[in-house]
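J.: Got a sequence here, can you model it:
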Amino acid sequence: MRLKKIVFIGLLTILSSSFTKAHEYYISLTQIDYIKESKSVQITMNLFLDDFDLALNKTFDKTFNLNSREELKNSNDFIKKYLQDHFEIKVDNKTFKTNYLGKEYEGDIIYLYIEIENVKTISTIEVKNNILIDFFPDQQNLIKLKINDKFDSLLLTKKNDKGLLNF
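T.: Numbering: from 1, shown residues only. You can find the predicted model right below:
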């Protein structure tokens with residue numbers, strides 16, 4: 001009986017540590033699509049929820065508790081500010097104002113929705129993305145783009161947080 005108890009406690013310890021272990025990779029995915037008909041750039045950003053919550057907490061010295069009953073009522077205001085400070089797009093060498101539209105949660109992922117309006121054409125696009133890099137030096141921000149029916153991608157890191165593509 002004692003051996004069964006030791007084995008059970010060992011398994012419980014292993015299982016509980018595997019559920020609380022932080023993920024090994026620090027990566028985000030940002031999908032950027034140019035919609036010619038509406039002259040808009042639509043952006044969906046996928047981030048690990050716990051990483052983003054930590055970045056907001058430390059940046060603004062508040063407890064956000066994203067995706068919980070205790071989430072700050074005005075969390076969208078802070079998310080918008082964080083995005084303005086860490087994500088920028090230039091089209092044909094002109095900086096465009098991004099409009100933060102909102103967020104959704106799915107499991108341990110947060111989806112952020114952003115739009116840029118009044119973009120008539122795109123010949124070049126420059127993306128700067130240093131989201132989460134201040135807190136996770138190994139953070140990689142993968143950018144996938146669909147512009148004028150062409151696909152391309154960028155991998156942005158702490159050493160290289162912006163890239164320029166021609167379309």
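J.: Okay, buried residues for stretch 52-69 please.
T.: 52, 53, 54, 55, 56, 57, 59, 64, 66, 67 (16 or more other CB atoms under 10 Å). (Each C-beta comes from the backbone N, C-alpha and C, glycine too.)
J.: Okay, and the residue most central in space within the chain sits in which element?
T.: By CA atoms, centre = their mean, the chain has its centre lying nearest to residue 47, at 3.7 Å. According to DSSP states H and E, residue 47 maps onto strand 40-48.
J.: among the helices and strands of this protein, which one scores worst on average pLDDT?
T.: The helix or strand of the chain with the lowest confidence, counting by mean pLDDT, DSSP states H and E, is helix 2-20 at a mean of 41.
J.: next helix or strand past that one?
T.: In the C-terminal direction from helix 2-20 (assignment by DSSP H and E), the next one is strand 27-35.
J.: and that following strand, how far out from the chain's middle?
T.: Its chain's C-alpha centre and that of strand 27-35 lie 10 Å apart, by CA atoms, centre = their mean, to the nearest Å.
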